[in-house]
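Trainee: After the sequence you'll find the predicted model.
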Amino acid sequence: MDQDRKPLGLNTRTIHAGAHPDPATGAVAPPIYQTSTFAFADCHQGAARFAGDEDGYIYTRMGNPTTARLEEALAELEGGAGGLATSSGMAALCTVSFALLNAGDHLIGTSSVYGPSRVVMERDFARFGVASDFVDTSDLDAVRSVLRPETRLVFVETPANPTIDLADIAAIADVAHDHGALLMVDNTFATPILQRPLALGADLVMHSMTKFINGHTDVVAGMIVPASRELLDRIRPVHSYLGACMDPHQAWLALRGLRTLGMRVRTAQDNAGRIAAYLEGHPKVEWVRYPGIASHPQHELARRQMDGAGSLISFEVSGGVDGGSRLLDSVELMTLAVSLGGIETLIQHPASMTHAAMSRKHRLAAGITDGLVRVSIGCEDVDDLIADFEQAFAAV
Ligand code: LCS
């Protein structure tokens, strides 16, 4: 490309990354290579591919052309060395950890992460000798206070699920690197449209692509994007052997969803800004947590680190759990369901749903109060969403 040309914008790249006409047919939409295996021309070629001396596909668990387009697209958008597509967000987290951690190592995580992410790291990794501490990563001193010589990984979710707390990625990257640890950021809530952790110093990004990237509530999928070729090469064999790989049809759906990511994120974010202000002014709401409003404790960090506040809001209804349950049982247009980041608005109660597997003590320490309600604002007409809140609040 012409050196003097302005770099392409994020929306343009979201639409074009990994998109090239099919070499065999010219098909503009990506073909779904729904095959488990790929024929070799002869034994020499099979051996050369296994030895890594020749490029080409072998077996879909080890790589597939449809999945490769999605990996290429995410690597480009996150600014990484490559992508490794996984069957789910949880599979991404487990694959990275399995590849990079050993017995005797220690990891630090955000106290308010997606409940199962914490449970697997805290409880299951402990069975393999990996110790962990989960702290409020919006507080740099809290991160420093649990560092050990054997800390190998700092895992940050920002914005965090479901408290919507933010962590300063650049500052934590410095702390981690000073202690010889890697920083991985779960960028599910922000997506590369709003936040690019690798440019801020993180070593790895992971996604639950089940959420915004696919965006249509019809796929479970994940992605790992290491910053360096060295990390990619360390994780790739484990990704291939562990078997948490992506199916080509799943990859095709996620690619199709990815192409409209920019528009969906912006529409949902505009709606969320209006709804956060509406909730903040509502007499039956105790508090609202949304990075786009001045009352958010890391509002300034959001402005510095993110290109927008996103579309996840948490709040507490007056009357605690009871008030919240009445609201959730009364919504009509919004759907009472876990997950997030789809085109439709989903509302849920973390203490009894997504974060129920965490102990109540850990939930409260992480700021996940019993009455916290999380809403993922979608792309509906915002007045319709506000009307739904109005009628549901009338029941509280
Ligand atoms: N990371 C974050 C930030 C998540 O929100 C989730 C799922 C995961 C990782 C795991 O991804 P999965 O394996 O489901 O693709 N979060 C969910 C939630 O809040 N409600 O239902 C799932």
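Mentor: Received, thanks.
Trainee: Return the residues in contact with the residue of the stretch 101-250 of the chain found nearest the ligand.
Mentor: The ligand sits closest to Ser208 of the stretch 101-250 of the chain, with a gap of 3.1 Å, by C-beta to the nearest ligand atom. To be clear about C-beta, it is placed using only N, CA and C from the backbone, and glycine gets the same treatment. Contacts of Ser208 were listed using C-beta atoms under 8 Å, 6 or more residues apart in numbering, and they are Ser88, Gly89, Met90, Ala92, Tyr114, Asp186, Thr188, Ala221, Gly222.
Trainee: switch to 10 Å and redo it
Mentor: 86, 88-93, 114, 117, 161, 186-189, 214, 220-223, 339-341 (C-beta atoms under 10 Å, 6 or more residues apart in numbering).
Trainee: Pull out the buried members of those.
Mentor: Buried members of these, scored by 16 or more other C-beta atoms under 10 Å, are 86, 88-93, 114, 117, 161, 186-189, 214, 220-223, 340-341.
Trainee: Among the residues you listed, which lie within strands?
Mentor: Thr86, Asp186, Gly222, Met223 (DSSP state E).
Trainee: could you pull out the strands for the stretch 1-150 of the chain?
Mentor: Secondary structure of the stretch 1-150 of the chain by DSSP state E, counting those that start in this stretch: the strands cover 84-86, 106-110, 131-135.
Trainee: can these go into a markdown table with extra columns for distance to Met306 and mean pLDDT?
Mentor: Output for the strands of the stretch 1-150 of the chain, formatted as a markdown table (distance: least, C-beta to C-beta, whole Å; pLDDT from 0 to 100):
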| stretch | distance to Met306 | mean pLDDT |
| --- | --- | --- |
| strand 84-86 | 25 | 98 |
| strand 106-110 | 16 | 98 |
| strand 131-135 | 21 | 98 |
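Trainee: right, and those - which one's nearest Ala173?
Mentor: Minimum separation from Ala173 across those (C-beta to C-beta) falls at strand 106-110, 12.8 Å.
Trainee: does the ligand sit close to the closest one?
Mentor: No. For a cut-off given as C-beta under 6 Å from any ligand atom, strand 106-110 has no contacts with the ligand; the smallest distance is 9.8 Å.
Trainee: ok, now how distant is Val120 from Ala356?
Mentor: Look at Val120 and Ala356: by C-beta to C-beta, to the nearest Å, they are 15 Å apart.
Trainee: Between those two, which is the more surrounded one?
Mentor: Neighbour totals were compared for Val120 and Ala356, and Val120 leads with 15 against 12 (other C-beta atoms under 10 Å).
Trainee: Residue numbers of the stretch 101-250 of the chain in contact with the ligand?
Mentor: Counting by C-beta under 6 Å from any ligand atom, the stretch 101-250 of the chain comes close to the ligand at Tyr114, Ser117, Glu157, Asn161, Asp186, Thr188, Phe189, Ser208, Thr210, Val220, Gly222.
Trainee: Tell me which two of these sit farthest apart.
Mentor: Most distant of these, by C-beta to C-beta, are Glu157 and Val220, 18.1 Å apart.
Trainee: next structured bit after the helix or strand where Leu183 lies?
Mentor: Here Leu183 sits within strand 182-186, counting by DSSP states H and E. Sequence order places helix 191-194 as the next helix or strand after strand 182-186, per DSSP H and E.
Trainee: Would you mind writing the CA trace of that next one as CSV?
Mentor: What follows is helix 191-194, C-alpha atoms only, in CSV (Å, rounded to 0.1, in the frame of the first residue of the first chain):
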residue,chain,number,x,y,z
THR,A,191,-14.5,-5.1,21.7
PRO,A,192,-11.6,-3.7,19.5
ILE,A,193,-14.1,-1.0,18.4
LEU,A,194,-13.8,0.7,21.9
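Trainee: avg pLDDT for that helix?
Mentor: Helix 191-194 carries an average pLDDT of 98.
Trainee: list the helices and strands it packs on?
Mentor: helix 10-16, helix 65-78, strand 204-208, helix 261-280 (3 or more C-beta pairs under 10 Å, 6 or more residues apart in numbering; DSSP states H and E).
Trainee: how big is the angle separating the helix or strand that the longest one is followed by from helix 261-280?
Mentor: Past helix 261-280, heading to the C-terminal end, the next element that is a helix or strand (DSSP H and E) is strand 285-289. An angle of 150 degrees separates the directions of strand 285-289 and helix 261-280 when computed by axes from the mean of the first three to the mean of the last three C-alpha atoms, to 10 degrees.
Trainee: Buried residues, strand 285-289. List them.
Mentor: Counting neighbours by 16+ other C-beta under 10 Å, one finds that the buried residues in strand 285-289 are Val285, Val288, Arg289.
Trainee: Which SSE is immediately downstream of it?
Mentor: Following strand 285-289 in sequence order, the next helix or strand is helix 299-305 (DSSP H and E).
Trainee: Show me what residue of this protein gets nearest to the ligand.
Mentor: Closest point on the chain to the ligand, by C-beta to the nearest ligand atom, is Gly89, at 2.3 Å.
Trainee: beta partners of the nearest residue to that residue once chain neighbours are set aside?
Mentor: Once flanking residues are discounted, Gly89 sits nearest to Ser208: 2.6 Å by C-beta to C-beta, 6 or more residues apart in numbering. Judged by DSSP bridges, the bridge partners of Ser208 are Gly222.
Trainee: Report pLDDT for Ser208.
Mentor: 98.
Trainee: Equivalent analysis for Gln3, please.
Mentor: Gln3 carries a pLDDT score of 63 in this model.
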